[in-house]
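Engineer: Sequence below, structure please.
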Amino acid sequence: MTPHFPEERTVVLTGAANPGGIGHATAHYLAGLGWHVGIIDIDAQAAERAADEIRDAHGVQALGVGAEVADRKQVRAAVDRIELALPQLVALAAFAGVSSPVPYLDVTAEEWHRVIDVNLDGTHWVTQRVADSLVRDGVGRIVGISSCSAQRGGGTYSKTPYSASKAVIIGLMRSLAREFGPHGVTANVVSPGPVDTAFMGSELTVERRALMAADAVLPRIGTPRDIAAAVAYLISDAGDPPHRRNGVACRRCGDVHDPRRQQRHR
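Structural biologist: Coordinates of the predicted model:
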């Protein structure tokens, strides 16, 4: 029996307070589809502003909470607040992350742990806390954010520490897909390619944009909306049965692939 997908439902997003970021664009996109929104960001004031903006723009409930995602206690407290204030938690999109352009031979212990702590540990801690509620309720959607650099070995702005941290996200989500599937909870991955945001290190010049686009299947740079649409598809209850969208690694490199055509985890 397919678990009941509640009409009033909340999605938690980490790293969604920056107005120019993919997470922020996704929060607005999902709110436009009727999702209530909980935002967790290291910048508490920015998270609160983003939540206010989403409430005003879309008429949904929203709450912004400050937390360092690499800190287990802070993350659990943040999710607790969101769960008490908003309708049933049904989905998570873990966007919080940091880049790292440092060449491998120059990577210090501090730089390595800075990247791993946020990109991997941060995803793990928030996923574990949200999944606890999803499994309890028997329905849920989890989306980890990896990167095409994890699959192609860099080639964008960030280098090895970033690529390594994002590669582990794919393994984490596929393992959770197998573990949580019987409980009505799916886990999938979106792997963005170059997207025109400040996360790429700076504003993309015309020359840099053309160079990156030439390396994609489609000759263009991705947009935050591309990624938002992929996340929306993976957390929805429409279309294919949910088990057909479990363990998917959806590449969005210059809007290359339809996630439904990706290899599926069995």
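Engineer: Which strand or helix spans the nearest residue to residue 230 once chain neighbours are set aside?
Structural biologist: Of all residues not flanking residue 230 in the chain, residue 190 sits nearest, at 4.9 Å (Cβ to Cβ, 6 or more residues apart in numbering). In this view, the C-beta of every residue, glycine as well, is placed from N, C-alpha and C. Assigned by DSSP states H and E, residue 190 belongs to strand 185-192.
Engineer: Which residue ranges of this protein form helices?
Structural biologist: 22-32, 44-58, 72-85, 109-116, 122-137, 148-152, 160-180, 206-214, 224-235 (DSSP state H).
Engineer: Report all helices and strands that the third one contacts.
Structural biologist: The elements that helix 72-85 packs onto, with contact taken as 3 or more Cβ pairs under 8 Å, 6 or more residues apart in numbering; DSSP states H and E, are strand 10-14, strand 36-41, strand 62-66, strand 89-94, helix 122-137.
Engineer: Apply 6 Å and report the result again.
Structural biologist: With contacts defined as 3 or more Cβ pairs under 6 Å, 6 or more residues apart in numbering; DSSP states H and E, helix 72-85 has these neighbours: strand 62-66, helix 122-137.
Engineer: most neighbours per residue, which of the ones you listed?
Structural biologist: strand 62-66 (a mean of 23; mean count of other Cβ atoms under 10 Å).
Engineer: Show me the contact partners of that one.
Structural biologist: Strand 62-66 has contacts (Cβ atoms under 6 Å, 6 or more residues apart in numbering) with 37-40, 44, 47-48, 50-51, 54-55, 78, 81-82, 85-86.
Engineer: so what strands line up beside that strand?
Structural biologist: Sheet pairing of strand 62-66 (DSSP bridges) gives strand 36-41 (parallel).
Engineer: tell me the contacts of residue 74?
Structural biologist: 67-68.
Engineer: Adding distance to residue 99, write the helices of the chain out as a markdown table.
Structural biologist: A markdown table is the format used below for the helices of the chain (distance: least, Cβ to Cβ, whole Å):
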| stretch | distance to residue 99 |
| --- | --- |
| helix 22-32 | 13 |
| helix 44-58 | 18 |
| helix 72-85 | 21 |
| helix 109-116 | 8 |
| helix 122-137 | 14 |
| helix 148-152 | 10 |
| helix 160-180 | 6 |
| helix 206-214 | 15 |
| helix 224-235 | 16 |
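Engineer: Tell me which of the ones you listed is the most buried.
Structural biologist: Among the helices of the chain, ranked by average contacts under mean count of other Cβ under 10 Å, first place goes to helix 22-32 (a mean of 24).
Engineer: Pull it out as CSV, backbone CA atoms only.
Structural biologist: Extracted C-alpha coordinates of helix 22-32, given in CSV (Å, rounded to 0.1, in the frame of the first residue of the first chain):
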residue,chain,number,x,y,z
ILE,A,22,20.3,27.2,-5.5
GLY,A,23,18.8,26.4,-2.1
HIS,A,24,17.0,29.8,-1.9
ALA,A,25,15.6,29.3,-5.5
THR,A,26,14.4,25.8,-4.6
ALA,A,27,12.7,27.1,-1.5
HIS,A,28,10.7,29.5,-3.6
TYR,A,29,10.0,27.0,-6.2
LEU,A,30,8.6,24.4,-3.7
ALA,A,31,6.6,27.1,-1.9
GLY,A,32,5.0,27.9,-5.2
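Engineer: Please enumerate residues in contact with that helix?
Structural biologist: So helix 22-32 is in contact with 11, 13, 15-16, 18, 37, 54, 58, 60, 95, 224, 227-228, 231-232, going by Cβ under 6 Å, 6+ apart.
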